[in-house]
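Participant: Return atomic coordinates for the entry below.
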Amino acid sequence: MVVRAAPNGLDITRYGFAVSRRVGKAVVRNRVKRRLREIMRRAALRMGWDIVVIARNPAAQADYNGLKGTVGELLIKARLSVGEHEGIGSGID
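Facilitator: Predicted structure coming up:
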């Protein structure tokens, strides 16, 4: 997984996903995107960012909890996650 972010100057945070054909066939790619969409929907994110999550090949075999942990770590590393104690926890339910 790769996370790219850029400030957008708005009061909202937008996110999108890139899942290439290398990850798998349409059914697999759509499953990965559905899981990522739910993970990002539940994440406590800083306002004012455009975020792109790029899925790599191992995402096809990962379960929901595996993806959630990976995305949570990447959001913390990018300082996009907002938590009760900044930097502690994944910021994801």
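
Participant: thought residue 17 was touching residue 33?
Facilitator: Yes: contact criterion Cβ atoms under 8 Å: residue 17 and residue 33 qualify, at 5.2 Å. Yep, even glycine has a C-beta here, placed from its N, CA and C like the rest.

Participant: what sits in contact with each of those two?
Facilitator: The contact sets of residue 17 and residue 33 overlap at residue 55 (Cβ atoms under 8 Å, 6 or more residues apart in numbering).

Participant: Show me which residues of stretch 50-60 are buried.
Facilitator: 50, 51, 53, 55, 59, 60 (16 or more other Cβ atoms under 10 Å).

Participant: who are the neighbours in contact with residue 80?
Facilitator: 3, 5, 13, 45, 46, 49, 51.

Participant: Read off the pLDDT value for the third one.
Facilitator: Put plainly, it is residue 13. The model reports residue 13 with a pLDDT of 93.

Participant: That one: what's it in contact with?
Facilitator: Residue 13 makes contact with 45, 46, 47, 48, 49, 50, 51, 80 under the criterion Cβ under 8 Å, 6+ apart.

Participant: if we go to 6 Å?
Facilitator: 45, 47, 49 (Cβ atoms under 6 Å, 6 or more residues apart in numbering).

Participant: just checking, what's the longest helix in this structure?
Facilitator: Using DSSP state H to define each element, the chain has its longest helix at helix 26-42.

Participant: Remind me what that one packs against, helices and strands.
Facilitator: Under the contact criterion of 3 or more Cβ pairs under 6 Å, 6 or more residues apart in numbering; DSSP states H and E, helix 26-42 touches strand 14-19, helix 64-77.
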